[in-house]
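Q: here is a sequence with its predicted model. Questions after.
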Amino acid sequence: MKPYQTILVAVDCSEDSITVIQRAKSIACDSAEVHLLHVVEPLALAYGADMPMDMTDLQTTLLNRAQTTINAYAEQFALDDKHTHVELGAIERTIQSKAGDIGADVIVIGCHTRSGLALLLGSTARGLVPSSRCDVLAVKIDSEK
């Protein structure tokens, strides 16, 4: 089995993202390209189209903050700026699309320990596995810190 050459790390820009990036870097060979991706879900999708106000400024602010955070991660982990991506869209679909665009061998994503209602609702990591054309590494994050 050959080592992973193109790794897509999907982060949520929370403090747990550092753990996910560290895991991705630990599986990357010296010649691997590591890409960081944060997906901002359109506010109309997240909160419904019933919002009677224009959310354009808020959406732009969210995208700009995410880009700043992704750039800081890239600097912290010595990653190339060309390999940072902030996209607007449906989370699972956008991750899959970006993985295809860059020819990812593996998608690395955080997976929170869940129980009760959150377990029933599922997670992004669980949704990626069946439809992915590459490996998916779910980094278990302990949500009971």
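A: Happy to help now that I have it.
Q: give me the next element, helix or strand, following the helix or strand hosting Arg93.
A: In this structure, Arg93 sits in helix 91-102 according to DSSP states H and E. Later in the chain than helix 91-102, the nearest helix or strand by DSSP H and E is strand 106-112.
Q: each with direction, which strands does that next one pair with?
A: Here strand 106-112 is paired, per DSSP bridges, with strand 6-10 (parallel), strand 135-141 (parallel).
Q: ok, residues contacting the first one?
A: Yep, that's strand 6-10 we're talking about. Identification of contacts with strand 6-10 by C-beta atoms under 8 Å, 6 or more residues apart in numbering yields 20-21, 24, 27-28, 32-39, 95, 98-99, 102-109, 124. The way it works is simple: take the backbone N, C-alpha and C, and place the C-beta from them, glycine included.
Q: only the buried subset of those, as a PyMOL command please.
A: A single PyMOL command is used to select the members of the contacts of strand 6-10 judged buried by 16 or more other C-beta atoms under 10 Å:
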select buried, resi 20+21+24+27+28+32+33+34+35+36+37+38+39+95+98+99+102+104+105+106+107+108+109+124
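Q: tell me the pLDDT at Ser14?
A: Looking at Ser14, its pLDDT is 89.
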